[in-house]
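Novice: model this:
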Amino acid sequence: MYCLVAGPLFGLNDYGEEVVRWKNLVLPAIALGIRPIAIIVQLTRSSMLDVLSQDYVRTAKAKGLSRRIVLFKHALRNAMNPVVTSVSGWFASLLAGAYFVEIIFDFKGLGYETVKALQNFDFPVVMGSVLFTACIFVGVNIFVDVIYGFLDPRISIRSN
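Specialist: Model (predicted):
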């Protein structure tokens, strides 16, 4: 039987080599991702129900397009704008939650080092980790803007 045991992320195999223990990522992934996934699924469903009642979806069905094409090319593409916005907002809470998940599951990562630096009043390390996290947020927001350009043809990446 498969047992969900939290333990160190890295360990030694039979040959003395350091390997990643993937089974030890199951519980942290569930702890970090269960709430955002539930909200994203709920938002996607709500947005799809709104889009499926629009006139252009009804017109696409009347033209004889298959249900799959209507769902994926017409409905889902237009329903993804609020979902992408929500995911970009949830990313901040996921990254903040990752700091706590690293402490709880004893993973030696950026969050673990940041909390340890806060406890030791090592402010240069804290400033560096905050700067790194801020750069990740900026990168995610730029990526989301590019995704908006692909999802909605009315949004242009070029400036006028």
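
Novice: for the chain, what spans make up the strands?
Specialist: Here the chain has its strands, by DSSP state E, at 10-12, 18-20.

Novice: weakest of those strands by average pLDDT?
Specialist: Comparing mean pLDDT across the strands of the chain, the weakest is strand 10-12, with a mean of 70.

Novice: Would you enumerate the residues in contact with residue 127?
Specialist: Residue 127 makes no contacts at all, as judged by Cβ atoms under 8 Å, 6 or more residues apart in numbering. For every residue, glycine as well, the C-beta is placed using N, CA and C.

Novice: One more pass at 10 Å, please.
Specialist: Residue 127 is in contact with residue 117, counting by Cβ atoms under 10 Å, 6 or more residues apart in numbering.

Novice: and if you look at residue 86?
Specialist: By Cβ under 10 Å, 6+ apart, the contact list for residue 86 reads 36, 39-40, 42-44, 47.

Novice: Equivalent analysis for residue 109, please.
Specialist: 9, 98-99, 101-103.

Novice: quick check, nearest of the contacts of residue 86 to residue 54?
Specialist: Among those, residue 47 lies closest to residue 54 (Cβ to Cβ), at 11.3 Å.
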